[in-house]
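need coordinates for the below:
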Amino acid sequence: MNKLPLTLLLDREAFWKTLRGGGVGWAGVARMAGFVVAACAVYGAVMAGWRSPLLVLYAAVKLPLLFAGSTALVALFNWMVAAALGSGLSFRQTLALAFAAMTIAGWILLALAPVALFFALTGVPKTGAAPDNVIIYAYNMMLMTHVVALAIAGVAGNAILYRGLRSTVRPNCSPICLFAAWVAAFAIISCQLSWILRPFVGSPFLEVAFYREDAFRSNFFEMVFTKIIPALFK
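Residues are numbered from 1 along each chain as shown. Next comes the predicted model:
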């Protein structure tokens, strides 16, 4: 199938049927991965477009690294879990399912990119053009816009992943258990990778950089459990 990303958007049942029959080869997996990289590059550029051209370039590189990199990093684990649960999936089918989910997420991000760009261009004043509290408020609102957009893309992708597992695994394999293990592994890896690769949006009061100087000094989970959660209960 030469147009897998479009097939996933328009006729997913045809895609699942082809996948079950082993018709999605490595070239098909590569096409889906390429689409994910391109879609994430577009949305990454939109995320950073308000800040500076340099950060646009950085984010257009880093968001594809986050999505495609996380998928690739957990691929072997996913296949091992699938084999242990008796799914009957080959490594290639496992990777194809994961990138199918990311492909749907990529379509969602492309659809939301114009909306995010509108907010970025109209909602955040330039540093020095407004009081700091106004800039901080606008920045936080834009940040939440991107969080919601990425969450929508993630939920849509995971919904497709679950449906794909139900359509392709053997009857003796529990799709919900396999789905839960895959999503948990992806969430752990992607959260930590996003921490290392930050910033994506870019603070209005910090210098533009490819990654923060403290990227490897702590981790995402330490930040959540030592800073964010305690702050909620003060």
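
just how off-centre is stretch 143-152 within its chain?
Taking Cα atoms, centre = their mean, to the nearest Å, one finds stretch 143-152 lying 11 Å from the centre of the chain it belongs to.

got the buried residues for that stretch?
In terms of neighbour count (16 or more other Cβ atoms under 10 Å), stretch 143-152 has its buried residues at 143, 145, 146, 149, 150. Backbone N, C-alpha and C define where each C-beta goes, glycine included.

what comes up buried for the helix or strand that contains the first one?
What that stands for is residue 143. Per DSSP states H and E, residue 143 falls inside helix 132-168. Using 16+ other Cβ under 10 Å as the test for burial, helix 132-168 gives 135, 138-139, 142-143, 145-146, 149-150, 153-154, 156-158, 160-165, 167-168.

what about the residue nearest to residue 85 when sequence neighbours are not counted, how many residues close to it?
Of all residues not flanking residue 85 in the chain, residue 173 sits nearest, at 4.9 Å (Cβ to Cβ, 6 or more residues apart in numbering). The number of residues packed near residue 173 is 18, by other Cβ atoms under 10 Å.

residue 87 is in contact with residue 173, correct?
Yes: with contact defined as Cβ atoms under 8 Å, residue 173 and residue 87 form a contacting pair (4.3 Å).

packing partners of the helix holding residue 143?
In terms of contacts (3 or more Cβ pairs under 8 Å, 6 or more residues apart in numbering; DSSP states H and E), helix 132-168 is packed against helix 12-20, helix 91-123, helix 175-197.
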